[in-house]
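[1] predicted model and sequence below, questions to follow.
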Amino acid sequence: LIIGGGLSGMSAALEIARSGFEVHLVEKDKHLGGHLRRIHRTLIGVDPQETFRNLEKEILADGRIKVHLNDTVAEVKGYIGNFESTLKSGEKVKHGTVVVATGAVEYEPAEYLFGKNPKVIRQTDLGEMISEKDFKAKSVVIIQCVGSRDEEHPNCSRICCSTAMANALKIRTDHPETSVYVLYRDIRTYGFREGNYNEAARLSVTFLRYDPSSPPKVFEEDGQLVVQVDE
């Protein structure tokens, strides 16, 4: 039994099925894919949407994998090697092991007018927007380290800088008339991703470093969204 039909859950389902075992893949949404469905680009040359389509196609074609969409696990009884789980739909599933691949919850900031002004969005939302043909933003400001590297969450999220770089490169390549500003504390494009940072600078992405003691301010003025940062 695999709980979660995102990238990890789908990959696990295929590997287990290839080993000759029957798999029940439970996904709470009406589609497989999880967050992968909303990711459109990476810095390592992999097309996330193509990856998703290939995984989904393999899973649906494999007779050893039964997919349960719009469903969740309501109850689990038994012990290792002999479980019986009841799904919310009422179906009972007998299985030997459980793989929990429920993924993560995307952070929703309380700061920077998020949820109050529709122009304040997350990186995932931006990635989807710039994949659409009617993207018309004149300028884009990307604020890094929101919700991380603070007292409550002291660790670096690790993927944010790479995601910002991928979105910034896409905007400047496809929409050179759009200005892009990245407000950061430290740029962490580790390994070969450093080349992407250099490429973004070459494409005139503006990088402005801010001190965490004086973070950027976002406010509305005369009907416009304004971002203020002390360099």
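    Arrived safely, thanks for sending. Numbers count the residues shown, from 1 in each chain.

[2] check contacts around Pro176.
    Leu203 (Cβ atoms under 8 Å, 6 or more residues apart in numbering). To be clear about C-beta, it is placed using only N, CA and C from the backbone, and glycine gets the same treatment.

[3] ok, now which ones touch the spatially most central residue of the chain?
    With distances taken as Cα atoms, centre = their mean, the residue of the chain nearest its centroid is His35 (5.2 Å). Shown in contact with His35 (Cβ under 8 Å, 6+ apart): 6-7, 103-104, 106, 124.

[4] SS state for it?
    Assigned by DSSP: H, G, I helix; E, B strand; the rest coil, the conformation of His35 is helix.

[5] quick check: pLDDT value at it.
    Listed pLDDT for His35 reads 92.

[6] repeat that for Ser131.
    With respect to pLDDT, Ser131 has a value of 87.

[7] touching, it and Arg38? I think so.
    No: here Ser131 does not reach Arg38: they are 10.0 Å apart, not a contact under Cβ atoms under 8 Å.

[8] quick check: Val227 is in a helix.
    No: looking at Val227 with three-state DSSP, it is strand, so not inside a helix.

[9] list the contacts for the closest residue to it other than its chain neighbours?
    Leaving aside its chain neighbours, Val227 sits nearest to Val141 (4.7 Å; criterion: Cβ to Cβ, 6 or more residues apart in numbering). By Cβ under 8 Å, 6+ apart, the contact list for Val141 reads 181, 183, 227.

[10] same deal with Ile80?
    Contacts of Ile80 (Cβ under 8 Å, 6+ apart): 96-97.

[11] try Gln49
    39-40.

[12] secondary structure element holding it?
    helix 48-61 (DSSP states H and E).

[13] just give me how far that helix sits from the chain centre.
    17 Å (Cα atoms, centre = their mean, to the nearest Å).

[14] what does the helix or strand following that helix contact?
    Later in the chain than helix 48-61, the nearest helix or strand by DSSP H and E is strand 65-68. Contacts with strand 65-68, where a contact means Cβ under 8 Å, 6+ apart, come from 5, 13-14, 17, 22-27, 32, 59-60, 87, 89, 91.

[15] how much space between the closest residue in space to Asp47 that isn't next to it in sequence and His95?
    Spatial nearest neighbour of Asp47, excluding adjacent residues (Cβ to Cβ, 6+ apart): Arg41 at 7.7 Å. Separation of Arg41 from His95 (Cβ to Cβ, to the nearest Å) stands at 36 Å.

[16] Pro109: what secondary structure?
    coil.

[17] got a list of contacts for the helix or strand harbouring Asn196?
    Per DSSP H and E: Asn196 is located in helix 194-202. Residues from elsewhere that reach helix 194-202, judged by Cβ under 8 Å, 6+ apart: 43, 162, 165-166, 168-169, 172, 182, 187, 189, 207.

[18] neighbours around Tyr210, how many?
    17 (other Cβ atoms under 10 Å).

[19] mark which of the contacts of His35 are buried, thanks.
    6-7 (16 or more other Cβ atoms under 10 Å).

[20] re the thing from before, check the gap between the residue nearest to the centre of the chain and Asp174 for me.
    23 Å.

[21] ok, residues contacting the helix or strand hosting Glu15?
    Under the criterion of DSSP H and E, Glu15 resides in helix 7-18. Helix 7-18 is contacted from outside by 2-3, 23, 25, 27, 32-36, 51-52, 55-56, 58-59, 62, 64-65, 99, 101, 103, using Cβ under 8 Å, 6+ apart.
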